[in-house]
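S.K.: Got a sequence here, can you model it:
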Amino acid sequence: MLTPTLFRPLIYPALLNIYLAPTSHTIAVGTTRVATLVFFALITLIYAPAVYLEAAAPAWVIPVAIAGSSLPFLAAVALGTLVTSIRLHLPDDARKSKDHLLSFASRPPASTKLRVQFIRWAPWLTSKDIALQDLRRLQTSSYRLPNLEDIGAQQTHTPQSPSASYGPTLLWRLLVQRSMNRYFVSADARRRGNGGGAEVWETLRLKIPFYGEAVAARTKAEGEGSGGERKAVVMRNRASGVGPAQAVLAKGKFPPKPAAAAAAFGKKGKS
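M.R.: Next up, the predicted model:
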């Protein structure tokens, strides 16, 4: 007996794991964060006080040692935020079958939420919910590792006043955009083959536009929309039997009467 679609049990969880980074990447990034933090702590808390207590040591050794010990950690952070897993918030309709799941992934609403788990500065995992409409893909580059950006977080942290475009706020904005809002998603990720989850991330990833594409598409759509609106008005007037003169009268702009127009023309001719 076939079970009606309305009464089908939910076979997928509300948070479906659709992406899992390679274990080697996660271990390497986590180990690097721990090692650089431990190195910085050893230099700052043990070596620097020992040098300070040494009377014969030059004064410039302590700041140089502290600054040098922070460079490995800053270099590791500058490589970008590693995404370790992505979970998709599913509505009840998409949880009923594989066909429903793939149909939802092929036409996702803009407000679809993704729970992104990542390693940023600290050596432990952090998670954040990001709307699909706020994600942008970044073009591959030889000097940039991240390939995904959260523009919604940029709009939240970016100051709106023109006077805040320079100075410390500019530095903060650059730090937010370059470090906190950009993520690296590996192309060699392990995808869970849990009855459709293996195909969902690739489908959703292709739905994410590249950075800058959305603005160009919106501008083009607005231009086509204004032209289409003018065509619709003309076609609507033709379909209703309204000519140009009737359309002008409907707007309250009355053309000159034929007699008055002829008299005005005659006066111009005599002059």
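S.K.: Going by C-alpha atoms from here, please, whenever you check contacts or count neighbours.
M.R.: Will do.
S.K.: hang on, residue 90 packs against residue 14?
M.R.: Yes. Counting by CA atoms under 8 Å, residue 14 is a contact partner of residue 90 at 5.2 Å.
S.K.: of those two, who's got more company?
M.R.: Shown here are residue 90 and residue 14; by other CA atoms under 10 Å, residue 90 has more neighbours (19 against 15).
S.K.: Could I get the phi/psi values of that one?
M.R.: Dihedral angles of residue 90 (phi, psi; degrees, to the nearest 10) stand at phi -110, psi 140.
S.K.: And for residue 59?
M.R.: Torsion angles, degrees, to the nearest 10, at residue 59: phi -70, psi -30.
S.K.: What is the neighbour count of the nearest residue to it once chain neighbours are set aside?
M.R.: Excluding the flanking residues, the one nearest residue 59 by CA to CA, 6 or more residues apart in numbering is residue 52, at 7.9 Å. Counted with other CA under 10 Å, residues neighbouring residue 52 total 14.
S.K.: Can you tell me the SS state at residue 52?
M.R.: Recorded secondary structure, residue 52: helix (DSSP: H, G, I helix; E, B strand; the rest coil).
S.K.: now swap in residue 33 and tell me
M.R.: helix.
S.K.: how about it, what does it touch?
M.R.: Applying CA atoms under 8 Å, 6 or more residues apart in numbering to residue 33 gives the contacts 73, 76, 121, 122, 123.
S.K.: Return the member of those nearest to residue 39.
M.R.: residue 73 (8.8 Å; CA to CA).
S.K.: so how many other residues sit close to that closest one?
M.R.: 20.
S.K.: helices and strands around the one helix or strand it maps to, which ones?
M.R.: Assigned by DSSP states H and E, residue 73 falls within helix 61-78. Counting contacts by 3 or more CA pairs under 8 Å, 6 or more residues apart in numbering; DSSP states H and E, helix 61-78 packs against helix 23-42, helix 48-53.
S.K.: Could you point out which of those helices sits nearest residue 102?
M.R.: helix 23-42 (26.6 Å).
S.K.: returning to what we had before: just the buried ones from the contacts of residue 33, in PyMOL syntax?
M.R.: Selection of buried members from the contacts of residue 33 for PyMOL, criterion 16 or more other CA atoms under 10 Å:
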select buried, resi 73+76+121+123
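S.K.: what does stretch 48-64 contact?
M.R.: With CA under 8 Å, 6+ apart, stretch 48-64 has contacts from 65, 66.
S.K.: Buried residues, that stretch. List them.
M.R.: Quick answer for stretch 48-64 (16+ other CA under 10 Å): 48, 51, 62.
S.K.: which residues of the stretch 151-271 of the chain score low on pLDDT?
M.R.: 153-178, 188-198, 214-271 (pLDDT under 70).
S.K.: again, 50 this time
M.R.: 157-166, 193-194, 219, 231-255, 261, 265, 268, 271 (pLDDT under 50).
S.K.: Now do the phi/psi pair for residue 129.
M.R.: Phi and psi for residue 129, reported as degrees, to the nearest 10, are phi -90, psi 130.
S.K.: ranges for the strands of the stretch 101-250 of the chain?
M.R.: Applying DSSP state E, counting those that start in this stretch to the stretch 101-250 of the chain gives strands spanning 113-119, 126-131, 135-137, 148-150, 182-184.
S.K.: The longest one to helix 61-78, inter-axis angle?
M.R.: Here strand 113-119 runs at 140 degrees with respect to helix 61-78, directions being taken by axes from the mean of the first three to the mean of the last three CA atoms, to 10 degrees.
S.K.: I would like the residues contacting the helix or strand just after the helix holding residue 73, please.
M.R.: For helix 61-78, the following helix or strand on the C-terminal side (DSSP H and E) is strand 81-89. Outside strand 81-89, the residues that touch it by CA under 8 Å, 6+ apart are 14-22, 26, 29, 112-121, 146, 179-180, 182-186.
S.K.: And the contacts of stretch 133-151?
M.R.: Under CA under 8 Å, 6+ apart, the answer for stretch 133-151 is 79-81, 110-112, 130, 152, 181-185, 208-211.
S.K.: how far away is residue 21 from residue 199?
M.R.: Residue 21 is 15 Å from residue 199, where distance means CA to CA, to the nearest Å.
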